[in-house]
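next comes the sequence, and after it the predicted model I'd like to discuss.
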Amino acid sequence: MSDKPISQDTSRAPTSQKRATPIQAGAKDAIGGSVSVTIDGEKTKVPLGTTILEACREMGVHIPTLCHHSDLCIAGVCRVCVVEVEGMRTLQAACAFPITAPITVRTHTAQVRRSRRHIIDLMLKYHYGECYACGRNNNCELQALAKEYGVDFFRFGHPDKPMHDVDRSSHSVVRDMNKCVLCRRCVRTCIDLQEVGVLEAIERGEETTISTYLDKPLGDVVCINCGQCINRCPTGALRANDPTDEVWAAIEDPTKHVVIQTAPSPRAGIGECFGLEPGTPMTYEMNTALRRCGFDKIFDTNFTADLTIIEEGTELLIRLYKALVEKDTEVALPQYTSCSPGWVKYLEHFNPEMIPNLSTAKSPQQMFGAVIKTYYAKMHNIDPKDIVTVALMPCSAKKFECNRPEMCDSGFKDVDYGLTTRELGKMISEAGIDLPAMPKSDFDDPFGTATGSGVIFGATGGVMEAALRTVIELVVGCKVEDLFEHADILPVRGFEGVRYVELPITEVGPVPEIVSHLVPNWDWLKGATLKVAVAHGTANAKKVLDDIKAGGKFSECHFIEFMGCPGGCIGGGGQPIPTSPEIRAARAAAIYAEDADCEVRKSHENPAVLKIYNDFLMEGPCGHLSHKLLHTGYTARGKYIS
Amino acid sequence: MTLMTQQERLRGELESLVAQYGTARNALMPILQEVQRKYYRIDDYAIQVIADLLDIHPVEVHSVVSFYSFLDFKPKGRFVVRLCQTLCCEMADKDRVARQLSNDLGIEFGQTTPDGKFTLEYANCIGMCDQGPALLVNDKVHTRVTPEMVNQIIESCRQVFGLHATQPMEH
Ligand code: SF4
Ligand code: SF4
Ligand code: SF4
Ligand code: FES
Ligand code: FES
């Protein structure tokens, strides 16, 4: 068993391209710990190895950037951040210049300004696009630069017709390389953060383009639809496949009953589309806005998040029972979560042999679709063919997921449209609604009651925390609050790429009714230690999977939460742009605050969940009907691209 | 005799190259060069197997192959003739040589003869600036090339086909 610590860094870029970690030799004023730098005549001290860009930001001096991104390794390719360093013959890229000796920097000399302006002019020479017909209008870094540098004519010309076809082959991501400025943020995202490796720069010099493998359509390669590249693209070159026209059409069709479910993360992010600080919760204002847009019913995806916990938790208990009591060696453990469609497709491509480990429980989005077109339709006497289900998600992979051919268990397409946070922001603006000014209103019944456990699904570690709250109470029979203050299971929270937690089960309680048809007692779990882990961003998932294949400590886990996107859903590919570690932390804080405010905080106490098992899924969790509606199967895709 | 598909054989060769050069990032170039030397190109299957063996992504290998002029994805002729187009050779009247090459091979620059024997391309400076016009035939350098010499150079290549038409040629 290897016990190599899992490193925090996911990038395999050469060390020279890694973000320079300032060498902190003790305190800033210790000898050798810091270096002095003069920026525009002002002298300061910074830790050795700080880049000029970081030093400038520290001092409040603005340096324009384009290829630089706080989540990614240094590229130094766009050169828009050039500055003058005294004694050097040429201008230097501030983002890629670590300060190791005292230097004098000038950030806005005539030469610097002219060079930057020329770089922007040159980018525009190859940039085909009109801002007023572009999804990134007013949220585009290239446009902002052009404004900052007062571009009022095309010095080197401007293309008047497209040079590339727009690739619309993917359900999730649209690629318009006419707008690409070759910053390679998408390349670094897809390789370093996600280890999917869909995009790279092909050819060189002026022939360079960003391409998929052999320039195949995005829908035909190993793309997991996570949309992380969209979130980091400075321009409109990458965007999500936008279904808002179809959604409006459904709303305006009087024969259709249009239902929207809203996931936890968009409510923590959508405020950003309206100029609010990241992490401003808009849950109840958004409900009002959705009603005014014309949706017939507004439900909280948290309901099926709770249902997922019950189904997935039960599945885990069944697997453990089979493995530990019945000594069934075929049982696949650890069980992996299945609610992140980006992660699911990653596993299908890169580790199809591990599909048996994937929980068969559908994601909350798909469970909701199936429940609405069966249970809800019956309850309200609506013909399911007249129901249109829309899912508001922080995610671009959800668009792919709802189009998976097997996702029709209700007899209809379970979820008709996946809408991202950004797209809903657009719909709300289109309807002339000022979201922050909306009065608050609640979700609709019968799925209105949300629990805190459902809400925290949005942050990495949230599914694990929700599952643990339920498993502890079902098995140990005590209150989670007795073990963890306020039922906050802090060890699984945070943004560390991979987290590992052990939980000894010293006591067991009686078997509660909801699972009494599955196990006779809990005695077999007494004295056991529950081992769980959490990973977010598929590059981190890869590390865990590699460790499992090598028989490392993660292979002894019982349950592992995997999220496709860094930070979990709050950092999803459908969330407002930009993204950064700070923005994701602020959104997560909003989600945990909503959890703390919830009256009911555990999935198995959600009255609507208990009711559905009473009235509809009468054989209980993992019973026949739940298998049909709430569980699914996967496709071994493999990574070879044909 | 066991029957092996071409792909299985190629995979075996790639595996031994990886055993020789290792799986670090810097093993990629020598591996690609060996494949190029042997097969005159690096095809789709080879790219995906190399990526798999080095635990990187096919698109990364594709990117490297497309970056270097001497690594080819598409098949080229058995003899690749690369005429230098940079300043010194330009001034040494490379155009006459170019016309002769085009004429003798019956193709334009950037093309391959229909029989797959010759590819004609321009190259940038090959370091023979004092002896231009210079050209490369595969990795053999010819300097102070005159239109008359073009004829001989091509003829000597054709000879190779005549003599060993059925054997793979090692350079
Ligand atoms: S990508 Fe930016 S600069 Fe280009 S058309 Fe769109 S908004 Fe304008
Ligand atoms: S959506 Fe995700 S997997 Fe697909 S290209 Fe973008 S970053 Fe890569
Ligand atoms: S697609 Fe976007 S992120 Fe990728 S290189 Fe082009 S501009 Fe940069
Ligand atoms: S931001 Fe510094 S080179 Fe692009
Ligand atoms: S210019 Fe032709 S070899 Fe250098």
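On my side now, so go ahead. Numbering: from 1, shown residues only, chains lettered A, B, ... in the order given. Ligands and ions are numbered 1, 2, ... in the order given.

by contact count, what packs against the strand or helix carrying residue A:543?
Following DSSP states H and E, one finds residue A:543 within helix A:538-549. Packed against helix A:538-549, as judged by 3 or more CB pairs under 8 Å, 6 or more residues apart in numbering or on different chains; DSSP states H and E, are the following elements: helix A:341-350, strand A:498-504, strand A:529-536, strand A:559-563. Any C-beta I mention is one placed from the backbone N, CA and C, and that applies to glycine too.

what's the spacing between whichever helix or strand residue B:149 is part of and its chain's center?
For residue B:149, the host element (DSSP H and E) is helix B:147-164. In terms of CA atoms, centre = their mean, to the nearest Å, the centre of helix B:147-164 is set 17 Å apart from its chain centre.

next: stretch B:70-90.
How far stretch B:70-90 lies from its chain's middle: 8 Å, per CA atoms, centre = their mean.

what's the span of it, first residue to last?
21 Å (CA to CA, to the nearest Å).

which parts of that stretch are buried?
B:71-72, B:76-86, B:88-89 (16 or more other CB atoms under 10 Å in any protein chain shown).

repeat that for stretch A:547-563.
Buried residues in stretch A:547-563, counted by 16+ other CB under 10 Å: A:547-548, A:552-555, A:557-563.

number of nearby residues for residue A:168?
14 (other CB atoms under 10 Å in any protein chain shown).

strands of chain B, start to end?
Shown for chain B, the strands assigned by DSSP state E span residues B:79-84, B:118-123, B:135-137, B:140-142.

what is the least confident helix or strand in chain B?
Taking mean pLDDT, DSSP states H and E as the measure, helix B:147-164 is the helix or strand of chain B with the lowest mean score, a mean of 85.

how's chain B carved up into domains?
According to automatic domain parsing, chain B comprises the domains B:6-67, B:79-163.

in the stretch 501-642 of chain A, what spans have low per-residue confidence?
Counting by pLDDT under 70, the stretch 501-642 of chain A contains no low-confidence segment.

closest residue of it to ligand 1?
residue A:577 (11.7 Å; CB to the nearest ligand atom).

and the longest helix along chain A, what's buried?
Longest helix in chain A, counting residues (DSSP state H): helix A:302-324. Across helix A:302-324, burial judged by 16+ other CB under 10 Å covers A:302-321, A:323.

and that helix, what does it pack onto?
strand A:335-336, helix A:364-371, helix A:452-455, helix A:462-471, helix A:607-615, helix A:624-630.

off-centre distance for the strand or helix carrying residue A:269?
If you go by DSSP H and E, residue A:269 is part of helix A:264-269. Distance of helix A:264-269 from the chain centroid (CA atoms, centre = their mean) equals 11 Å.

mind listing what's buried in it?
Within helix A:264-269, the residues that count as buried by 16+ other CB under 10 Å are A:264-269.

repeat that for stretch A:127-135.
Across stretch A:127-135, burial judged by 16+ other CB under 10 Å covers A:127-129, A:134-135.

before we move on, what about stretch B:57-67?
B:57-66.

and stretch B:10-17, by the same measure?
For stretch B:10-17, burial by neighbour count (16+ other CB under 10 Å) applies to B:10-11, B:13-14, B:17.

okay, that stretch in PDB with CA atoms only?
The C-alpha coordinates for stretch B:10-17 follow below in PDB (Å, rounded to 0.1, in the frame of the first residue of the first chain):
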ATOM      1  CA  LEU B  10       3.500  -1.100 -34.300                       C
ATOM      2  CA  ARG B  11       2.300  -1.200 -30.700                       C
ATOM      3  CA  GLY B  12       5.000  -3.600 -29.800                       C
ATOM      4  CA  GLU B  13       7.600  -1.300 -31.400                       C
ATOM      5  CA  LEU B  14       6.200   1.700 -29.600                       C
ATOM      6  CA  GLU B  15       6.300  -0.200 -26.300                       C
ATOM      7  CA  SER B  16      10.000  -1.000 -26.700                       C
ATOM      8  CA  LEU B  17      10.700   2.600 -27.600                       C
END
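
do it and chain A meet?
No - if you take CB under 8 Å from any CB of the partner chain as the test, stretch B:10-17 misses chain A, and the best it gets is 12.1 Å.

now do that stretch: distance to the chain's middle.
Stretch B:10-17 has its C-alpha centroid displaced from the chain centroid by 20 Å (CA atoms, centre = their mean).

can you say which of the helices and strands packed on helix A:302-324 is nearest to ligand 2?
Evaluated over the helices and strands packed on helix A:302-324, closeness to ligand 2 peaks at helix A:364-371, with 17.5 Å, by CB to the nearest ligand atom.

which residues touch that closest one?
Here helix A:364-371 makes contact (CB atoms under 8 Å, 6 or more residues apart in numbering or on different chains) with A:261, A:263, A:299, A:301-305, A:307-308, A:311, A:339, A:361-362, A:389, A:391, A:393, A:398, A:401-402, A:407, A:409-410, A:413-416, A:418, A:447, A:454, A:457, A:612, A:629-630, A:632.

following it in sequence, what is the next regular element?
By DSSP H and E, the next helix or strand past helix A:364-371 is helix A:377-380.

run the chain-centre distance for that next one.
Offset of helix A:377-380 from its chain centre (CA atoms, centre = their mean): 33 Å.

quick one: mean pLDDT for it?
Averaged across helix A:377-380, pLDDT comes to 94.

ditto for stretch A:138-147
The pLDDT scores in stretch A:138-147 average 97.

just stretch A:422-429 next, same as before
According to the model, stretch A:422-429 has a mean pLDDT of 97.
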